[in-house]
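Asker: quick one: sequence plus predicted model below, questions after.
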Amino acid sequence: MTYSDPKPPFRGDESDRSETDARDVELMAKVSEGDTGAFEELVERHQRSVIGTVAKMLGNASEAEDIAQQVFVRVWKSAGRYEAQAKFTTWLFTITRNLVFNEVRRRRRKPTVSVDEREELTHRTVEDSKAVPPDDGILQVELEDAIDRAIKSLPEKQRLAVVLRRYEEMPYDEIAVALSMSVPAVKSLLFRARSQLRESLQRYLDA
């Protein structure tokens with residue numbers, strides 16, 4: 001299983017990353033002994049990234065918080081079996097992936113949005129791009145909203161790979177571990193995702 005944090009592990013140079021991961025491993029050792037203070041620190045360090053990733057996958061902030069809470073419950077329950085073979089954040093995001101994909105599958109079995117509504121969401125990016133924004137500020141907001149919608153229209157594995165790469169700045173090898181794929185497969189997945197995103201956002205790129 002895998003986990004990830006907000007900014008420390010994936011921002012900065014390799015020495016920063018190793019120091020951050022060393023702290024995570026140290027905290028997990030304490031959590032495995034029932035140290036609630038260490039667990040609270042872990043949650044504080046990583047909850048922003050987990051919630052942000054889940055929100056981008058599911059498109060619902062309140063549900064993202066619920067899933068994130070489940071992620072950290074699993075961290076607590078699995079602490080005694082945790083082994084620092086990969087980065088803590090990679091383990092964290094594997095757990096996050098499992099819970100998010102479970103939720104995606106649950107939604108498929110019991111959809112809350114009709115097929116027509118989903119198609120409208122997928123194509124709204126192109127339609128919205130026909131409007132001329134009053135100024136650059138509004139254009140930027142509109143573009144960011146269009147990017148979010150375009151990412152949301154991707155298949156779930158492509159979507160998570162893009163989120164981890166774009167927003168968490170996770171390297172290919174860690175994405176591969178989190179998604180249980182090879183590095184070449186991840187690169188191919190991201191290539192297809194980027195091609196689809198370029199097509200969805202072409203009108204903005206042309207502008």
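Answerer: Sure, I can see it.
Asker: low-confidence ranges in this structure?
Answerer: 1-17, 111-137, 139, 207 (pLDDT under 70).
Asker: packing partners of the one helix or strand Arg23 maps to?
Answerer: Secondary structure assignment for Arg23, by DSSP states H and E: helix 14-31. Identification of packing neighbours for helix 14-31 by 3 or more CB pairs under 8 Å, 6 or more residues apart in numbering; DSSP states H and E yields helix 36-58, helix 88-109. Where C-beta positions appear, they are placed from N, C-alpha and C, glycine not excepted.
Asker: how far does it sit from the chain's center?
Answerer: 21 Å (CA atoms, centre = their mean, to the nearest Å).
Asker: domains in the chain, by residue range?
Answerer: Segmentation of the chain into domains, based on automatic domain parsing, reads 1-112, 113-207.
Asker: got the ones you listed as TSV, with mean neighbour count columns?
Answerer: Formatted as TSV, the domains of the chain follow (neighbours: other CB atoms under 10 Å):
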stretch	mean neighbour count
domain 1-112	17
domain 113-207	16
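Asker: at the geometric centre of this structure, which residue do we find?
Answerer: Thr53 (3.0 Å; CA atoms, centre = their mean).
Asker: tell me which element the closest residue to that one other than its chain neighbours falls in.
Answerer: Spatial nearest neighbour of Thr53, excluding adjacent residues (CB to CB, 6 or more residues apart in numbering): Val163 at 5.5 Å. Using DSSP H and E, the element containing Val163 is helix 156-166.
Asker: helices or strands up against that helix?
Answerer: helix 36-58, helix 88-109, helix 136-152, helix 172-179, helix 183-200.
Asker: could you export the first one as CSV, CA atoms only?
Answerer: Just to be clear, that refers to helix 36-58. Provided in CSV are the C-alpha atoms of helix 36-58 (Å, rounded to 0.1, in the frame of the first residue of the first chain):
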residue,chain,number,x,y,z
THR,A,36,-1.2,9.0,18.9
GLY,A,37,0.9,12.2,18.9
ALA,A,38,3.1,10.8,16.1
PHE,A,39,-0.1,9.8,14.2
GLU,A,40,-1.5,13.3,14.5
GLU,A,41,1.7,14.7,13.1
LEU,A,42,1.6,12.3,10.2
VAL,A,43,-2.0,13.3,9.4
GLU,A,44,-1.1,17.0,9.6
ARG,A,45,1.9,16.5,7.3
HIS,A,46,0.0,14.6,4.6
GLN,A,47,-3.7,15.4,4.8
ARG,A,48,-3.6,18.3,2.4
SER,A,49,-2.1,16.1,-0.4
VAL,A,50,-4.5,13.2,0.3
ILE,A,51,-7.6,15.4,0.4
GLY,A,52,-6.5,17.3,-2.7
THR,A,53,-5.8,14.1,-4.7
VAL,A,54,-9.1,12.5,-3.7
ALA,A,55,-11.0,15.7,-4.5
LYS,A,56,-9.5,15.9,-8.0
MET,A,57,-10.4,12.2,-8.5
LEU,A,58,-13.9,12.4,-7.3
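Asker: give me the residues contacting the next helix or strand after that helix.
Answerer: Later in the chain than helix 36-58, the nearest helix or strand by DSSP H and E is helix 61-78. Applying CB atoms under 8 Å, 6 or more residues apart in numbering, the set of residues contacting helix 61-78 from outside is 1, 3, 31, 39, 42-43, 47, 50-52, 54-55, 58, 92, 95-96, 99-100, 103.
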